[in-house]
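A.B. asks: Using only what follows, build the 3D model:
(one chain, ligands or ions: 1)
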Amino acid sequence: MATHYPSAETRSSIINPMIIDLRSDTVTQPSDAMRQIMADAKVGDDVYGDDPNVNALEHETAELLGKQAGLFLPSGTMSNLAGVLAHCQRGEEVVVGDKYHISCDEAAGVAVLGSVAMHTLQTDGFGRFDLEQLNAAVKPNDYHCPMTRLLCLENTVGGCIQDQDHIDTLVDCAKSHGLATHMDGARLINAAVAQNLPPARLVQSIDTVSLCLSKGLGVPLGSVLVGSSVVIERARRLRKMLGGGMRQAGIIAAAGRYALQHNMDRLAQDHKRTQKLATALEGLQGLHFDRARVQTNMLFLQSPQMPDLANYLAQRGIAITAIGENSRIVLHMQIDDAALQQITEAIQGFFHE
Ligand SMILES: Cc1ncc(COP(=O)(O)O)c(C=O)c1O
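C.D. replies: Numbers count the residues shown, from 1 in each chain. Model prediction:
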């Protein structure tokens, strides 16, 4: 069974010699400036609420996203889980896109740990489902049915920016059915930067938002869940229950604060380089991709020769995710213009050989 990740045996041999890692933007390394901020960070015990950098990060992220309160968690997965469980009780149901991270890549945590059912809606190549699907998914108030409690959205989905009017329409519809709303905004800042909109505008109608610091923003780990003070207090208890209460977490939170100040606008460079790469690869015989889906920092390639291409690139120090004929390439802050040129030449070289 193919997975996103290399097996344990191949992991060390793949990763160590790699110079250019395009598997994900989670592979980003903290910069020297970020490491210095971490080394100098004032810390306290965050489970006691004493860590000044965690408190500040939670406050600053809530402000950035236009919400009352924030909660720092070790991962996006735990942030989504705490967010969903802060809205739902056992036996209730969330409506979520079938390709979203919550339904595909979080080991069914909401079902396993929260006894919350997932009703997945088929999404198109851009990560969208429509209003009719949502309306049809909401169960009647009938004791045979799970209670539909929450709508989960995601932005970006596979690098695609979700249309703001459409999100607002879906949220209005969810609210008309009495549902709460949660946004997996792991890469929300990519969507905001690409549209030149304030991040708060993208989530103004959403109840809770999970923002990852560990993707394109370049922090080693961590996510912040934001929402109303009441919901975030429920999530704080859940974080403790899930084992996510951290102690001198300010070392990481300080990196998160640095990223919010210095690493948001630069995502535009990743987007620009992704477009440049797409332009360079267009028209190569044997390689296909949907140019319309190249919207932020991801490129999804198809080729019957994909396994050979992945090996060819690996021999040249370039790592990509390849599953069967499909590959995902993700650009991030470690991919500068020189690296981009190396990647472009290597892929062109393979198809011209
Ligand atoms: C869209 C999305 N949501 C959530 C997550 C989970 O983040 P983490 O790996 O920090 O658990 C990821 C991770 O790649 C993601 O891509």
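
A.B. asks: Quickly note the distance from the residue of the chain found nearest the ligand to residue 295.
C.D. replies: Closest residue of the chain to the ligand, C-beta to the nearest ligand atom: residue 76 (2.5 Å). Every residue, glycine included, has its C-beta placed from N, CA and C. Here the criterion is C-beta to C-beta, to the nearest Å. By it, residue 76 lies 20 Å from residue 295.

A.B. asks: So between those two, which is more surrounded?
C.D. replies: When neighbours are counted by other C-beta atoms under 10 Å, residue 76 and residue 295 differ, and residue 76 comes out ahead with 28 against 22.

A.B. asks: Contacts only, for that one.
C.D. replies: Taking C-beta atoms under 8 Å, 6 or more residues apart in numbering as the definition of contact, the neighbours of residue 76 are 101, 184, 186, 210, 212, 214, 223.

A.B. asks: contacting residues around the fifth one?
C.D. replies: In this case it means residue 212. With contacts defined as C-beta under 8 Å, 6+ apart, residue 212 is in contact with 76, 79, 185, 186, 187, 222, 223.

A.B. asks: if I look at the first one, how far off is residue 218?
C.D. replies: The reference is to residue 76. 15 Å.

A.B. asks: ok, now the fifth one?
C.D. replies: According to C-beta to C-beta, residue 187 and residue 218 sit 13 Å apart.

A.B. asks: Residues in contact with stretch 58-74: which ones?
C.D. replies: Contact with stretch 58-74 is made by 46, 54, 57, 79, 82, 185, 188, 199-200, 203-204, 208-209, 211, 221-229, 232-233, 235-236, 239, 244, 246, 249, 253, 256-257, 260, as judged by C-beta under 8 Å, 6+ apart.

A.B. asks: oh sorry, the question was meant for stretch 130-148
C.D. replies: Outside stretch 130-148, the residues touching it (C-beta under 8 Å, 6+ apart) are 91-95, 117, 119, 121-122, 151, 169-170, 173-174, 177, 179.

A.B. asks: Identify the bridge partners of residue 92.
C.D. replies: Note on residue 92: beta-bridge partners residue 147, judged by DSSP bridges.

A.B. asks: That one reaches residue 149, doesn't it?
C.D. replies: Yes. Under the criterion of C-beta atoms under 8 Å, residue 92 makes contact with residue 149 at 4.1 Å.
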